[in-house]
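Chemist: one predicted model, sequence on top.
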Amino acid sequence: MKVTRGYSSQTGRSYPVGTIGNFDGHHRGHHALLQQVIETARKKEGTAMVLTFDPHPVKILAPQADFRFLTDEHEKLAHFEQAGIDEVVLVEFTRAFASLTPELFAEQVLSKGLGLKEIFVGQHFAFGHKRAGTIEDLGRLGDQFGFIVHPTPPVTLDGGVVSSTRIRQLIVAGHVAQAMRLLGRPYALSGIVAPGEGRGRTLGCPTANLSLPPHRVTPADGIYASITTVGTDRHDSVTYIGNKPTFHGEVRGVEVSILDGQYDLYGHMITVELIDRIRGDAQFNGGEALSRQIAIDVESARAALRRYHDTCGA
C-alpha cells in the first residue's frame, strides 16, 4: 500500500476511486465503506484510495477538548492495508485547509489533486469551511468537476448506527464486549512492559505493567478477560485497569496477568485485547482479601475467554 502525504497532483493513478474520513477505530461501518471503494476500483481496474487527515481535525479546531482516540496513525494505516486499499493520502489538517470552501475543496483536492473518478461517502457527509457542504452539494460539484458521488447508508447493529462516537462511549463505560461487536474485533491497548512494584507475585498473580497510552480511549476501571499478544504468541490473560485502591494508589495503570504460565516480559511490546469486563474496581481489606478475589476473577476470566473462543474460533 502506498502512503502519500499531501494532495498535490499525482500521476500514474488508474481510475481513482476513493472515500474521505478520519476512520478512527476502523469499525464495521468503515469496513463496509472501504469494501465498496475496493470492489468498484477492482471492477474498473482502478486505484482504491482513502483521503484522511493528520492531525485529527478536532486537534486543530478544538485544541482544548480532551478528545481520545480509538486508533493511532500506525494502526489506521495497518487497517487500510489489511482491507485492501491501494493508496492512503494523508493531508495535514491546518486552519488554512479547514477554510477551503466546499467548491474549492471539490476542485483543488478531489478533482485536481486526487483526480477522483468516483467517491463513496456517508449520507450525512459534510465538508468544506464550517462543514457547510452537504451530500447534495458534493453531487452537484461532482457533476461540475467530473466525479461520481455515491452516498452510502450507515451500518446499524444492536439497535443503533455503528459510529466511532458510540464505540468510545461503550468503552469508557466498560462495555468492551458490546464495543467489540461494533468494531468487529476486540478493543486493544499496546505498550512496553515496565517494572512494577512486585506485589503481584506476593498475591499469587504476577503481572506485566503498562502505562495508559495518552490520548487513547481508556476503558472504565475494573477487571477484564483479555488476550495478550507478545511477538507472534497469543495468551489468555486477565487485565486490571485502575489505581489499586486497596494499596492507596494514585496513578491509573494497566496490569496484565497471563493465565497459561509465567513470563519475563520486561521491555517487551505487548498488545492487550479486552474481551469482556468481569467486574468494576473495588477496595479490599488488605492483601489476603484481594488475593481471594483475584482467584475468583481468574476463574471468571477463564470462563469468559472459553465462551469467546467457542464463539469466534480464536
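Modeler: Cool, the structure landed. None of the values given here were measured: they were computed from a predicted structure. Numbers count the residues shown, from 1 in each chain.

Chemist: now the strands for the stretch 101-250 of the chain?
Modeler: 118-122, 148-152, 156-157, 160-161, 187-192, 208-211, 222-230, 233-242 (DSSP state E, counting those that start in this stretch).

Chemist: shaky segments in the stretch 1-150 of the chain?
Modeler: 9-11 (pLDDT under 70).

Chemist: how about 90 then?
Modeler: For the stretch 1-150 of the chain, the stretches flagged by pLDDT under 90 are 6-12, 54-56, 59, 63-66, 72-74.

Chemist: buried residues in the strand ranked longest in the chain, which are they?
Modeler: If you go by DSSP state E, the chain has its longest strand at strand 269-280. By neighbour count on 16 or more other CB atoms under 10 Å, the buried set for strand 269-280 is 270, 272-278. No exception for glycine: its C-beta is placed from N, CA and C like everyone else's.

Chemist: of those, closest to V176?
Modeler: L274 (4.3 Å; CB to CB).

Chemist: nearest spatial neighbour of that closest one, skipping sequence neighbours?
Modeler: Leaving out its chain neighbours, the residue that sits closest to L274 by CB to CB, 6 or more residues apart in numbering is V176, at 4.3 Å.

Chemist: swap in I275?
Modeler: Per CB to CB, 6+ apart, closest to I275 is A225, 4.6 Å.

Chemist: state the number of residues packed around the one you found.
Modeler: A225 has 29 neighbours, counted by other CB atoms under 10 Å.

Chemist: and for T19?
Modeler: The local packing of T19 (other CB under 10 Å) involves 26 other residues.

Chemist: quick check: bridge partners of it?
Modeler: On the basis of DSSP bridges, T19 is bridged to V50, F120.

Chemist: contacting residues for the residue nearest to I275?
Modeler: 236, 238-239, 274-276, 278, 300-302, 304-305, 308 (CB atoms under 8 Å, 6 or more residues apart in numbering).

Chemist: kindly check the end-to-end length of stretch 140-151 for me.
Modeler: 13 Å (CA to CA, to the nearest Å).

Chemist: what residues of it count as buried?
Modeler: 140-142, 147, 149-150.
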